[in-house]
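S.K.: Pasted the sequence and its predicted model underneath.
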Amino acid sequence: MELRPLADHLVVQLAGDDSLPSGIVLPDTAKDNPQRGRVLAVGPGRRLSNGARAPLEVGPEDVVLFDLESAKKVRLDNHDYWLMEESDVLAVITPAMVQA
Amino acid sequence: MELRPLADHLVVQLAGDDSLPSGIVLPDTAKDNPQRGRVLAVGPGRRLSNGARAPLEVGPEDVVLFDLESAKKVRLDNHDYWLMEESDVLAVITPAMVQA
Amino acid sequence: MELRPLADHLVVQLAGDDSLPSGIVLPDTAKDNPQRGRVLAVGPGRRLSNGARAPLEVGPEDVVLFDLESAKKVRLDNHDYWLMEESDVLAVITPAMVQA
Amino acid sequence: MELRPLADHLVVQLAGDDSLPSGIVLPDTAKDNPQRGRVLAVGPGRRLSNGARAPLEVGPEDVVLFDLESAKKVRLDNHDYWLMEESDVLAVITPAMVQA
Amino acid sequence: MELRPLADHLVVQLAGDDSLPSGIVLPDTAKDNPQRGRVLAVGPGRRLSNGARAPLEVGPEDVVLFDLESAKKVRLDNHDYWLMEESDVLAVITPAMVQA
Amino acid sequence: MELRPLADHLVVQLAGDDSLPSGIVLPDTAKDNPQRGRVLAVGPGRRLSNGARAPLEVGPEDVVLFDLESAKKVRLDNHDYWLMEESDVLAVITPAMVQA
Amino acid sequence: MELRPLADHLVVQLAGDDSLPSGIVLPDTAKDNPQRGRVLAVGPGRRLSNGARAPLEVGPEDVVLFDLESAKKVRLDNHDYWLMEESDVLAVITPAMVQA
């Protein structure tokens, strides 16, 4: 793994984006609609007031639905990664849905 | 189930909407009035400060009243789904009311 | 009961409103003054940080004083219902006052 | 008692106001200065995070100092009552001060 | 004592103000600079989440530094009193400093 | 000590300022850059929700970096003192750095 | 170490910046993109409500990704240092990524 998120953050790659050359611009309508992304890594969880960690509900390889504007894009080695808090995840798409 | 909500989120489908072709636009007045929706799935509950989960009061098949503007619409496979937090649910409509 | 409120919400009907045909408009001055309403149903109470519920102080049949603008009106089956949190209740009017 | 406040709310009547006909308008300067009021009733106290109640520091017959604009006026049976949270009370005036 | 503050509030009199006739207006520059005041009375302390009180750090006869605009002036019996929360106290001036 | 701060507040004197006559005005650029100051006194610490105090990390004689606009200046006996909360301290400068 | 951060703060130096003469201005585009920085020092951690410290997830020598506008620049001895809270760190870049 190359990017290690903290607390309740996660790193997501847009679905199907791993083969696209960097610099491809999403159409404007894409910015209004939630996007599908694949989770690459998650943090250890937000710290509770008693000091323990609250593990995340999502994990690597989950496909999540999220809004581009509530995530932070970082570009490293010609790939785009999206950083967000777990609370920015709208929902997880289960395999049944992905194959539909 | 195809959409898995997190924490205290739920996925709702507008009552009667499962047979409508996608793209039908609700009249403007509908946006001002609370809508009836059927709960499709709920998250495991918000995490309390002691680390435990607080299970939701609503569950699948419940009919809930909610405002469209306090929910997030996502369109998947030609169906519209509404995502919201449980605190955005105005009330549950019990079967007696549904049949009235 | 037909409307089931969640958490610390309650459902209220304006005092004397059960015989009025739906659509009657309250005069403007009414919007500035607190209104009397009869509680129809209450939620199980807000969840405390230890996971327990904090039961409400008001219950069905209580007559409460509240501001229309801090409540949410929903119309079902030609009746108007007012949804609010318990903290939006200004005070309970006890029977002695109701008969005055 | 006729008005029952909830939580940490209290019902106050302006000092000397029980003999005034309703509708008398306080001069504008009064709105800038704190007013004296007699406490008629108090709620059971705000609920702490452990579920217990925090009883109020003020009680019936206390004379309190408060700002009109941080209280809510309700008119019932030709009398004006002021509703506020305990935190809106500026101070209690003890008997020694009242007789001065 | 004539004014009894609640919670973590305190009643302060401007230093040297006990001999001035009421109505004397402080110069404008005074409003920008912190003022010295003598504490007349303090509340029992803010209630902690476990229900106990957190006693104040300042007490009667302490000389405190505070900004006029973060305090509330009340005039009673021709004297001006300043009400504030303990967190509005900038610092306590110890006797050594007062005599300087 | 002459100024006693409360809770998690501290009193700071600008580095090198103890010999300057009061009234010297810092250049405008100084207002944009963090300043070095010597801690004169600290409060007993912010009270935790269990009632205990959280002692400060900085103490008298520490040299701290802080922004002038996040501190409150008070002038006493021809000296300027800066009051701030510990969270306004950007960092402590250790002796090695001071001598550099 | 020369700068000692408090609580959950950290001191970061821009990657590759230790050899640059002070005063070099980053291009405008740099301000929009997250920057890589090397952690020089971290605080003891934010204090939890039970009084204990929550140690940081990042430590000295970690390479972190952060936005310039969510950090505070201080210039000491002709070097620029960036101060931020741990929550301002977007992610840690692991050695594998650094060598890519």
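M.R.: Looks like it came in fine.
S.K.: Going along the chain, name the helices of chain A.
M.R.: A:28-32, A:95-99 (DSSP state H).
S.K.: What average pLDDT does the first one get?
M.R.: The average pLDDT within helix A:28-32 is 58.
S.K.: Stretch A:71-81 and chain G, any residue contact?
M.R.: Yes: Stretch A:71-81 reaches chain G (CB under 8 Å from any CB of the partner chain) through A:72, A:74-77. Every residue, glycine included, has its C-beta placed from N, CA and C.
S.K.: same thing with stretch A:53-69?
M.R.: No: judged by CB under 8 Å from any CB, stretch A:53-69 stays clear of chain G, getting no closer than 9.8 Å.
S.K.: ok, and for that stretch, which residues are buried?
M.R.: A:54, A:56-58, A:62-68 (16 or more other CB atoms under 10 Å in any protein chain shown).
S.K.: How far off centre is that stretch?
M.R.: Distance of stretch A:53-69 from the chain centroid (CA atoms, centre = their mean, to the nearest Å) equals 6 Å.
S.K.: anything in that stretch near chain B?
M.R.: Yes: using CB under 8 Å from any CB, we find that stretch A:53-69 touches chain B at A:54, A:57-58, A:65.
S.K.: JSON lines for those residues, including pLDDT?
M.R.: Output for these, formatted as JSON lines (pLDDT from 0 to 100):
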{"residue": "A:54", "pLDDT": "96"}
{"residue": "A:57", "pLDDT": "97"}
{"residue": "A:58", "pLDDT": "98"}
{"residue": "A:65", "pLDDT": "96"}
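S.K.: Rebuild the residues you listed as CSV, extending it with distance to residue G:8.
M.R.: Listed next are the residues of stretch A:53-69 next to chain B as CSV, based on distance: CB to CB, whole Å:
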residue, distance to residue G:8
A:54, 17
A:57, 24
A:58, 25
A:65, 31
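S.K.: quick check, nearest of the residues you listed to residue G:44?
M.R.: residue A:54 (22.1 Å; CB to CB).
S.K.: quick one, what contacts the nearest residue to the closest one once chain neighbours are set aside?
M.R.: Counting by CB to CB, 6 or more residues apart in numbering or on different chains, residue A:54 lies nearest to residue A:45, which is 4.7 Å off, once chain neighbours are set aside. By CB atoms under 8 Å, 6 or more residues apart in numbering or on different chains, residue A:45 lies in contact with A:7-8, A:53-56.
S.K.: from what I can see residue A:52 touches residue B:49, true?
M.R.: No: between residue A:52 and residue B:49 there is no contact under CB atoms under 8 Å: 10.3 Å.
S.K.: Would you state the strands of chain A in chain order?
M.R.: Under the criterion DSSP state E, chain A contains strands at A:3-4, A:9-14, A:35-42, A:46-47, A:53-54, A:63-66, A:72-76, A:79-85, A:89-93.
S.K.: Report pLDDT for residue A:79.
M.R.: 91.
S.K.: what about residue A:77, how many residues close to it?
M.R.: Number of residues near residue A:77 (other CB atoms under 10 Å in any protein chain shown) recorded here: 9.
S.K.: what does residue A:51 give?
M.R.: Residues near residue A:51, counting by other CB under 10 Å: 13.
S.K.: so what pLDDT did it get?
M.R.: 92.
S.K.: So what does the residue nearest to residue A:54 have for phi and psi?
M.R.: phi 110, psi 150 (degrees, to the nearest 10).
S.K.: From residue D:40, how far out is it?
M.R.: 50 Å (CB to CB, to the nearest Å).
S.K.: who's in contact with the closest residue in space to residue A:84 that isn't next to it in sequence?
M.R.: Of all residues not flanking residue A:84 in the chain, residue A:71 sits nearest, at 4.1 Å (CB to CB, 6+ apart). Residues in contact with residue A:71, defined by CB under 8 Å, 6+ apart, are A:12, A:82-84, A:88.
S.K.: Pop out the phi and psi values for residue A:71.
M.R.: When quoted as degrees, to the nearest 10, the phi and psi of residue A:71 stand at phi -120, psi 160.
S.K.: what's around the closest residue to chain G within chain A, how many residues?
M.R.: Closest contact between chain A and chain G, by CB to the nearest CB, is at residue A:2 (3.6 Å). For residue A:2, the count of nearby residues is 19 (other CB under 10 Å).
S.K.: where does chain A dip in pLDDT?
M.R.: A:1, A:17-32, A:96-100 (pLDDT under 70).
S.K.: Output the residue of it whose distance to chain C is smallest.
M.R.: residue A:49 (8.6 Å).
S.K.: Double-check that residue against residue G:46; I have them as touching.
M.R.: No: assessed by CB under 8 Å, residue A:49 is found out of contact with residue G:46, at 11.0 Å.
S.K.: So for chain A, which residue is the most central one in space?
M.R.: Nearest to the mean C-alpha position of chain A, counting by CA atoms, centre = their mean, stands residue A:12 at 2.8 Å.
S.K.: Quickly note the distance from the one residue in chain A that gets nearest to chain E to residue C:50.
M.R.: Residue of chain A nearest chain E, by CB to the nearest CB: residue A:49 (10.8 Å). Distance, residue A:49 to residue C:50, using CB to CB: 12 Å.
S.K.: more neighbours, the two?
M.R.: Counted by other CB under 10 Å, residue A:49 and residue C:50 do not tie: residue A:49 has more neighbours, with 15 against 12.
S.K.: Could you tell me the backbone phi and psi angles at the residue in chain A that chain F sits nearest to?
M.R.: Residue of chain A nearest chain F, by CB to the nearest CB: residue A:49 (8.7 Å). Main-chain torsions, residue A:49, degrees, to the nearest 10: phi -70, psi -20.
S.K.: Please name the residues that touch it.
M.R.: B:49, G:48-50.
S.K.: before we move on, the earlier item: could the contacts of residue A:45 be laid out in CSV, adding distance to residue G:35?
M.R.: What follows is the contacts of residue A:45, written out as CSV (distance: CB to CB, whole Å):
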residue, distance to residue G:35
A:7, 20
A:8, 23
A:53, 28
A:54, 29
A:55, 30
A:56, 26
